[in-house]
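Asks: got a sequence here, can you build the structure:
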Amino acid sequence: MVKKWEIYFINLDPSNGSEQGGKRPVLVISNDAVNNHLPIFTCIPFSSVKEGDKIYPTEIFLTKEESGLSKDSVLMLQQIRTVSVGRIINRKISEIKRASLRDRINNAIKEYFELDNNYYSN
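Replies: Below you'll find the model as predicted:
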C-alpha cells in the first residue's frame, strides 16, 4: 500500500507518444482513502535536471535534499497519471515530509488544474 507524499521507483512503460516512460521515481499524490482501497494511485513523475536545464512552468524544481533522491529533479505536473500498484519496482525510497514543500506542491497542482477560486470569479 502506498501513501500520499511517498516516492517510489515505478516502470512507466509502455508509454505512448509524449507520455513520460521508463523506470523513474514518482511522487504519490492521491489521497490515502483511494490508496488504501484500490490497486491504483495517482502520481507525478520526476525527471532529473542539471544546471542550465530549462524548467517549464508546469514543473516544480526540487533539490536532492528536498526530495531525498540522488539528483536535483523536477516534478512534471504535465505528466500526472494514475497507475497500477503493479508498476512499483521497489519499496518506498523517500517521502516529502516538510509541510511548506507539500503546500508548494499542492498549490502548483491547484494552479495546473485551475482549481483556485480566483479563476472562477470573473
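Asks: and the longest helix for this structure?
Replies: Scanning the chain for the helix with the most residues, using DSSP state H, yields helix 99-112.
Asks: what distance do you get for the residue nearest the centre of the chain to residue 51?
Replies: Among the residues of the chain, the one closest to the centroid is residue 44, at 2.3 Å (CA atoms, centre = their mean). Distance from residue 44 to residue 51, counting by CB to CB, to the nearest Å: 22 Å. In this view, the C-beta of every residue, glycine as well, is placed from N, C-alpha and C.
Asks: residues touching the spatially closest residue to residue 63 that is not a sequence neighbour, list them.
Replies: Closest residue to residue 63 in three dimensions, ignoring its sequence neighbours and counting by CB to CB, 6 or more residues apart in numbering: residue 72, at 5.3 Å. By CB atoms under 8 Å, 6 or more residues apart in numbering, the contact list for residue 72 reads 48, 49, 50, 61, 62, 63, 64.
Asks: wait, residue 36 touches residue 4, no?
Replies: No: between residue 36 and residue 4 no contact is recorded; they are 10.5 Å apart, counting by CB atoms under 8 Å.
Asks: more neighbours, those two?
Replies: Under the criterion of other CB atoms under 10 Å, the comparison of residue 36 against residue 4 puts residue 4 first, with 18 against 10.
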